[in-house]
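1. here is my input; please provide its structure:
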Amino acid sequence: MPDVTFVVSDFAGAEESEKLERALTRLEFVDLVNVDSERGLVAVSYEGGETELGRIEDAIEEAGHKAEPSPGADPDVG
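-> Presented below is the predicted three-dimensional model:
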């Protein structure tokens, strides 16, 4: 199961964190989401590969945030 951490910008509070967490957990291949709005990090455990990773990034952007993989994060390790 790949794990990836994203650096996410523009968190305005707990409500936005919860909205993002709900959006990601709705994806059928996502197993676990941990949103740390104070540090601007979102950790996701999911089943799949590059296609699913792209859908996770899309869901983050659709929720109104810009995301990029955390420096040193490797989605192929996990």
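
2. my read is residue 34 is in a strand, agree?
-> Yes - the assignment for residue 34 by DSSP: H, G, I helix; E, B strand; the rest coil puts it in a strand.

3. return the set of residues that bridge with it.
-> residue 43 (DSSP bridges).

4. how many neighbours does it have?
-> 12 (other C-beta atoms under 10 Å). Where you see a C-beta, it was placed from the backbone N, CA and C, and this is true even at glycine.

5. I figured it hits residue 25, correct?
-> No - using C-beta atoms under 8 Å, residue 34 makes no contact with residue 25, being 10.8 Å away.

6. show me the contacts for residue 5.
-> 41-44, 69-70, 73 (C-beta atoms under 8 Å, 6 or more residues apart in numbering).

7. same deal with residue 64?
-> Residue 64 touches 10, 16, counting by C-beta under 8 Å, 6+ apart.

8. how about residue 24?
-> Counted by C-beta under 8 Å, 6+ apart, residue 24 has contacts 30, 33, 42, 44, 56, 59-60.

9. just the strands in this protein please.
-> 3-8, 30-36, 41-46, 67-69 (DSSP state E).

10. shaky segments in this protein?
-> The chain contains residues with pLDDT under 70 at 1-2, 72-78.

11. picking that back up, for residue 17, find the nearest of the strands of the chain.
-> Closest of the strands of the chain to residue 17 is strand 30-36, at 4.5 Å (criterion: C-beta to C-beta).

12. mind giving me the packing neighbours of that closest one?
-> When contacts are defined as 3 or more C-beta pairs under 8 Å, 6 or more residues apart in numbering; DSSP states H and E, strand 30-36 packs onto helix 14-25, strand 41-46.
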